[in-house]
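S.K.: I need the structure of the sequence given here:
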Amino acid sequence: MTEIILVRHGETEWNVAEVFRGRIDIELNQTGIKQAELLAEYLSKRRIDAIYSSPLRRAVKTAEVITGYHKLDIEIAPELIDMDFGKWQGLPHQEVKDKYKELYTEWISRPDKVKMPSGESLDDVRERAMTVVNDVIAKYQGTVVLVSHRVVNKVLICTLLGLDNSYFWKVRLDTCGISAFSYENGHFILIEHNNTSFLKPIQKTPLCDF
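M.R.: Numbers count the residues shown, from 1 in each chain. Just a heads-up that it's a prediction; the model follows:
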């Protein structure tokens, strides 16, 4: 059996300010670093066989903190990079809502139909991210951690549950939240979702789904 733990990176200032991140390489803020430390402690008692990470620093830093408890190298997986939001990247949420009204409305109501201007669609994200999952289940019998981003992990959760991308907004995933699947006999089973119980010492209300 293979267990895949999907980890969303810790908090950044652009999460707090609701700025579209995408491929822009934002660092974790102090809360994000603390979140990663608490997550790493939570996972320290589990045997982990491999850790993959998006190449962006907010994901790599989260993965590095986790590896502090495990003698593992981080495998950088370009396919786990955040969604390319194209012209939306670096823009505040409200500015996107005002400037791209029709497309934003479709993004909220029919996310599976949207291709970002000069960017990706959720189908593009699904196709590339699943290459990592397929590689993992071919290589490992054990537990593998994938550190990525909100959009990527939500798309993977839908995919592994057999749902299409129209269900994207039916899934919530907080910063440093983890979701886990077991894989056996050709089937993925969700065994844990958006677990943030280990973040209680921070005593902070979760951000909105952004």
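S.K.: all strands for this structure, in order.
M.R.: Taking DSSP state E as the test, the strands found in the chain are 2-8, 50-53, 74-76, 143-148, 178-184, 187-195.
S.K.: neighbouring contacts of the shortest one?
M.R.: Yep, that's strand 74-76 we're talking about. Outside strand 74-76, the residues that touch it by CB atoms under 8 Å, 6 or more residues apart in numbering are 50-55, 60, 63-64, 67. To be clear about C-beta, it is placed using only N, CA and C from the backbone, and glycine gets the same treatment.
S.K.: Just checking: what are the partner strands of it?
M.R.: Here strand 74-76 has these sheet partners by DSSP bridges: strand 50-53 (parallel).
S.K.: can you check the last one too?
M.R.: Based on DSSP bridges, the pairing partners of strand 187-195 within the sheet are strand 178-184 (antiparallel).
S.K.: swap in the first one?
M.R.: Strand 2-8 sits in its sheet next to strand 143-148 (parallel), strand 178-184 (antiparallel), going by DSSP bridges.
S.K.: Turn those strands into TSV, including mean neighbour count.
M.R.: As requested, the strands paired with strand 2-8 are exported to TSV (neighbours: other CB atoms under 10 Å):
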stretch	mean neighbour count
strand 143-148	26
strand 178-184	19
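S.K.: Could you point out which of these sits nearest L39?
M.R.: Closest of those to L39 is strand 178-184, at 7.0 Å (criterion: CB to CB).
S.K.: Give me the mean pLDDT for the closest one.
M.R.: Summarised as a single mean, pLDDT over strand 178-184 is 97.
S.K.: Residues in contact with that strand: which ones?
M.R.: 1-8, 39, 137, 153, 157, 160, 173, 188-196.
S.K.: try 6 Å this time
M.R.: The contact list for strand 178-184 (CB atoms under 6 Å, 6 or more residues apart in numbering) reads 1-7, 137, 157, 160, 188-193, 195.
S.K.: Excluding residues flanking it in the chain, which one is nearest H93?
M.R.: Residue nearest to H93 in three dimensions, not counting chain neighbours: E18, with 4.0 Å by CB to CB, 6 or more residues apart in numbering.
S.K.: Now do the buried residues in stretch 197-210.
M.R.: For stretch 197-210, a neighbour-count test (16 or more other CB atoms under 10 Å) marks 198-199 as buried.
S.K.: chain center to stretch 57-72: distance?
M.R.: Centre-to-centre, stretch 57-72 and its host chain are 15 Å apart (CA atoms, centre = their mean, to the nearest Å).
S.K.: any residues touching it, and which ones?
M.R.: Residues contacting stretch 57-72 (CB under 6 Å, 6+ apart): 9-10, 12, 25-28, 36-37, 40, 43-44, 48, 51, 53, 74, 147.
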